[in-house]
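Asks: the sequence isn't on hand, but the structure is:
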């Protein structure tokens, strides 16, 4: 039986996809602005974040409204509560894109410290994890969500390797490189945080689909 | 039997004439817990709850197969007095049914029927029961007025007080808030939560939010079968059966 409630849930679903698309776009543009040392693009990431913040508030309000009016149960309840969490995770991802864009202003006018190898690789992993997490939400696909969770250790490994290289090869050997090295270190940290948020999304989706809590319980995977 | 189980229904099949109203139902009612029975109209939940104090045997042409036990004793055994069972397992109905007597007499009646003559004891019991049913403050100045003058919510709490006076151990509620406004409903729900410390409670309700609010365990009935039984939180957040899911999310039909 099709319910009026279903139309409202669909509307919420569309809004979550929208904030997901905007967050992915923010990551993409912040990374492009870093690669191309493009301050205008970095600025646009910061400006666009306002739209994402506003959408986050709209989605939160819709979720609260649906809970208050329909008092949802079972999978409806899990969908809405997961929607609320995804909304916050995606907004945080967009905020991190802003953090990356802000680093561009520090780096754009200075010579490149080193050819970027690991950071683009970590970027690809972060973007893939976010995309796969959103796909898992769209399809309600637990296998995709699991794929996201499994990718996180590689992201951690890369972040550690970037950090070690920047400290050992640059900051320790030549203190004058530290301001730029610190910026790159922060960027690696930001990318890894994006991966952590994608992981949270994947865990929430497993709960939404299977009603199984895997957060803080990796053995349940 | 597990000492946490107050009542147990085993392999219950129940017939109105040839019509089978309950099919192979098994359920444990845990002591000092609230168990809610939910399901669409005609699913058998009210028929089922009435088995717990032998109310169905008052209906002609009915047949019960299976066992219902209270503290590990078969309540339908020939040696068991149904009046005693109904004292130990009280019932509050959808429509409040006070006797056309005074508020005081409504409570004292059950005690007198049970042979108690000590007036001081009776008075003490009446006051205690009304207090326990959260009605005392509202009626203490008019105990001799007709119970029929009370509001629907007050009448329902009076019926609960009646069960408390005769020291029921289990209280069955069959849609107790169906005819009440939200404020009276909230009072009854608060009372149920309060009473479960000392009593075992079974409630039939159409209101799923009510089941979610008050019950520790919930059973979902459909077409005479117990489809799913479990902790309320599990039933309402992650039901295992698709039919339960469809019913509680309103996708039924």
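Replies: That came through, no problem. What you are looking at is a predicted structure, and each value in this text was computed from that prediction instead of being measured. Numbering: from 1, shown residues only, chains lettered A, B, ... in the order given.
Asks: which stretches of chain B form strands?
Replies: Listed in chain order, the strands of chain B (DSSP state E) span residues B:5-16, B:19-30, B:34-38, B:62-70, B:73-74, B:89-92, B:170-174, B:200-204, B:217-222, B:225-231.
Asks: the fifth one: partners in the sheet, and parallel or antiparallel?
Replies: What it means is strand B:73-74. For strand B:73-74, sheet partners with direction are given as strand B:62-70 (antiparallel), following DSSP bridges.
Asks: run the chain-centre distance for the strand it pairs with.
Replies: Distance of strand B:62-70 from the chain centroid (C-alpha atoms, centre = their mean, to the nearest Å) equals 17 Å.
Asks: quick one: that strand to strand B:200-204, angle?
Replies: Counting by axes from the mean of the first three to the mean of the last three C-alpha atoms, to 10 degrees, strand B:62-70 lies at 150 degrees to strand B:200-204.
Asks: low-confidence ranges, the chain, go.
Replies: The chain I'm using is chain A. Residues of chain A that meet the criterion pLDDT under 70 lie in A:1.
Asks: chain B was what I was after
Replies: Across chain B, the ranges flagged by pLDDT under 70 are B:1, B:253.
Asks: spatially central residue in it, please.
Replies: Using C-alpha atoms, centre = their mean, the residue of chain B that lies closest to the mean C-alpha position is residue B:172, 1.1 Å off.
Asks: can you pull the contacts of the residue nearest to that residue when sequence neighbours are not counted?
Replies: Closest residue to residue B:172 in three dimensions, ignoring its sequence neighbours and counting by C-beta to C-beta, 6 or more residues apart in numbering or on different chains: residue B:91, at 4.5 Å. All C-beta spots, glycine's among them, are computed from the backbone N, C-alpha and C. When contacts are counted by C-beta atoms under 8 Å, 6 or more residues apart in numbering or on different chains, residue B:91 is found next to B:50, B:53, B:55, B:163, B:171, B:172, B:173, B:174.
Asks: derive a ChimeraX selection command for the buried subset of these.
Replies: Paste this into ChimeraX to select the buried members of the contacts of residue B:91, with burial taken from 16 or more other C-beta atoms under 10 Å in any protein chain shown:
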select /B:50,53,55,163,171,172,173,174
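Asks: burial count for the residue in the stretch 151-253 of chain B that chain A sits nearest to?
Replies: Distances from the stretch 151-253 of chain B to chain A, computed as C-beta to the nearest C-beta, single out residue B:238 as the nearest residue at 3.1 Å. Close neighbours of residue B:238, defined as other C-beta atoms under 10 Å in any protein chain shown, add up to 19.
Asks: next one: residue B:127
Replies: Residues contacting residue B:127 under the criterion other C-beta under 10 Å number 15.
Asks: cool, and residue B:232?
Replies: By the other C-beta under 10 Å criterion, the neighbourhood of residue B:232 contains 21 residues.
Asks: roughly how far does it sit from residue B:33?
Replies: 10 Å (C-beta to C-beta, to the nearest Å).
Asks: the nearest residue to residue B:37 once chain neighbours are set aside - how many residues pack around it?
Replies: Distances taken as C-beta to C-beta, 6+ apart place residue B:45 nearest to residue B:37, at 4.3 Å, with adjacent residues excluded. For residue B:45, the tally of surrounding residues (other C-beta under 10 Å) stands at 27.
Asks: how near is residue B:45 to chain A?
Replies: With the distance defined as C-beta to the nearest C-beta, to the nearest Å, residue B:45 ends up 18 Å from chain A.
Asks: okay but that residue is in contact with residue B:39, surely?
Replies: Yes. Taking contact to mean C-beta atoms under 8 Å, the distance of 5.0 Å between residue B:45 and residue B:39 places them in contact.
Asks: shared neighbours, those two?
Replies: When C-beta under 8 Å, 6+ apart defines a contact, the residues bordering residue B:45 and residue B:39 alike are residue B:221.
Asks: just list the residues touching the residue of chain A found nearest chain B, thanks.
Replies: In chain A, no residue comes nearer to chain B than residue A:211, which is 3.1 Å away by C-beta to the nearest C-beta. With contacts defined as C-beta under 8 Å, 6+ apart, residue A:211 is in contact with A:78, B:237, B:238.
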